[in-house]
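S.K.: here is my input, please return the structure:
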Amino acid sequence: MLAFILQRLWQAVIVIFAMSALVFTGVYAVGNPIDVLISPDATQDIRAAIIAQYGLDQPLWQQYFAFLGRVFHGDFGRSLVYNMPVSELILSRLPATLELTLTAVIFASLVGIPIGMYAGYKPHSPISRAIMAISILGFSVPTFWFGLMLIMVFAVQLGIMPAGGRGETVSIGGFEFSFLTADGWKHLVLPALNLALFKFSLMIRLARAGTRELMLSDTVKFARAAGLTEFTVLSRHVLRLISIPLVTVFGLELASTLAFAVVTETIFSWPGLGKLIIDSITSLDRPVMVAYLMLVALLFIVINLVVDLTYALLDPRLRKGRA
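M.R.: From the prediction side, this is the model:
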C-alpha cells in the first residue's frame with residue numbers, strides 16, 4: 001500500500017507540473033490585460049511602464065519560470081483587478097463554493113442512492129417507473145433553465161425563498177459560512193437544488209443498474225437462503241457491492257461540481273469561485289485565472305487519489321494486490 005501511495009504521489013507531481021505549463025501558456029498567450037487595465041488614451045511611456053511593472057515584457061518562458069519560483073514560496077501573484085494576493089482572494093471565495101457543492105452532492109447521494117436502489121429492487125412498479133422518468137428529466141433539463149424556474153416559482157411567485165445572494169453568514173477561523181444560520185440556509189436551498197439535479201439523476205441510475213444486476217447474483221441468493229431479511233440483504237450486501245462505482249462517481253462529481261459551478265453561481269449571484277472566474281475572464285485577470293485552473297487540476301488529482309485509497313478499503317483484493 002505504501003508503494004502504491006508513493007507511486008501515485010509521484011504521478012501527481014508530474015501531472016501538476018505538466019498542467020501548470022499548459023495552463024500558464026494557454027492563459028498568458030491569449031489577450032492583453034493591459035488593454036483592460038489602463039485607459040486607451042494613455043501614452044506609450046505609461047503603457048510601457050505598466051507592462052514592465054507586471055513583467056509582461058519578458059518572454060513567455062521567463063514569465064513561466066518566474067511564476068513557478070513564486071508558487072514554490074506560496075505566492076500566486078496579485079490580482080490585476082482586485083489588487084490583492086490571489087491566494088487570499090481565492091480563499092475568501094472558496095468557502096462559499098465548498099458549502100454549496102458539498103450540500104448539493106451530499107443531498108444528491110443521500111437521496112438518489114436509496115431511491116435508485118428501490119427502483120432496481122422493484123423495477124416494474126409504478127413508483128420505480130416514476131423515479132426513472134424523474135431521472136430522465138434531470139438529465140434533459142438544462143441547469144440554467146431549471147435555476148430560472150426555481151427563482152420564478154419560489155422567489156417571484158410564492159415569495160418564500162430569496163432569489164440570490166448568500167444571506168447571513170457566521171465567521172469561523174476567518175472564513176464566512178452561511179449554512180450555520182437560518183437565513184443562510186434559505187439562500188442556500190435553491191442553488192443547491194439546482195446544482196444537485198444532474199447528480200441526483202446520475203446517482204439514481206447508477207444505483208438502480210447496480211441493484212438490478214446484483215439482485216440476480218448468487219450473493220443475494222445465498223443471503224436470502226441464509227434467512228436474512230430483504231432490508232439486510234440490500235443494506236449489507238447490495239449497497240456494499242455497488243459502493244465502488246458510486247464512490248468513483250461521488251469523487252469525480254464532487255470535483256467537477258466544485259470546479260464548474262459557474263452557471264449556478266452566476267444565476268443565483270452566489271459569491272463563490274465560479275462567479276470569480278467569470279469576472280476574471282471578462283477582465284483578463286491572468287493571475288486569478290491561472291491560480292483557479294491550477295486549483296481545479298490539483299483538486300481532481302487529490303480526489304482521484306482519495307478514491308483509489310477508498311477502493312482499497314472497500315475491496316480486500318485490492319489491498320492484497322498492492323501490498
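S.K.: what are the ranges of the strands in the stretch 151-300 of the chain?
M.R.: Ranges of strands within the stretch 151-300 of the chain are 170-172, 175-177, based on DSSP state E, counting those that start in this stretch.
S.K.: please identify which of those is closest to Met149.
M.R.: With CB to CB as the criterion, Met149 lies closest to strand 175-177 of the strands of the stretch 151-300 of the chain, at 27.6 Å. (Each C-beta comes from the backbone N, C-alpha and C, glycine too.)
S.K.: direction included, what does that closest one pair against?
M.R.: Here strand 175-177 has these sheet partners by DSSP bridges: strand 170-172 (antiparallel).
S.K.: can you give me the offset of the strand it pairs with from its chain's centre?
M.R.: Using CA atoms, centre = their mean, to the nearest Å, the mean C-alpha position of strand 170-172 is found 22 Å from that of the whole chain.
S.K.: what mean pLDDT does it get?
M.R.: Strand 170-172 shows a mean pLDDT of 83.
S.K.: what does it contact?
M.R.: Here strand 170-172 makes contact (CB atoms under 8 Å, 6 or more residues apart in numbering) with Glu176, Phe177, Ser178, Leu180, Thr181, Gly184.
S.K.: save these as TSV, and put in neighbour count, distance to Ile277 and pLDDT too.
M.R.: Shown next, in TSV, are the contacts of strand 170-172 (neighbours: other CB atoms under 10 Å; distance: CB to CB, whole Å; pLDDT from 0 to 100):
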residue	neighbour count	distance to Ile277	pLDDT
Glu176	18	19	81
Phe177	17	21	83
Ser178	22	20	85
Leu180	14	26	83
Thr181	15	26	88
Gly184	19	23	87
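S.K.: now the strands of the stretch 151-300 of the chain as JSON lines including distance to Leu56?
M.R.: Shown next, in JSON lines, are the strands of the stretch 151-300 of the chain (distance: least, CB to CB, whole Å):
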{"stretch": "strand 170-172", "distance to Leu56": "37"}
{"stretch": "strand 175-177", "distance to Leu56": "33"}
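S.K.: how many neighbours does Gln63 have?
M.R.: Look at Gln63: counted by other CB atoms under 10 Å, it has 18 neighbours.
S.K.: quick check: which element contains it?
M.R.: Using DSSP states H and E, the element containing Gln63 is helix 60-72.
S.K.: tell me the buried residues in that helix?
M.R.: Gln63, Tyr64, Phe67, Val71 (16 or more other CB atoms under 10 Å).
S.K.: what's the closest of the contacts of strand 170-172 to Val262?
M.R.: Among the contacts of strand 170-172, and counting by CB to CB, the member closest to Val262 is Ser178, at 19.1 Å.
S.K.: return the helix or strand in this structure with minimum mean pLDDT.
M.R.: Lowest mean confidence among the helices and strands of the chain (mean pLDDT, DSSP states H and E): helix 316-322, at a mean of 54.
S.K.: that's a helix at His124, yeah?
M.R.: No. Counting by DSSP: H, G, I helix; E, B strand; the rest coil, His124 falls outside a helix, being coil.
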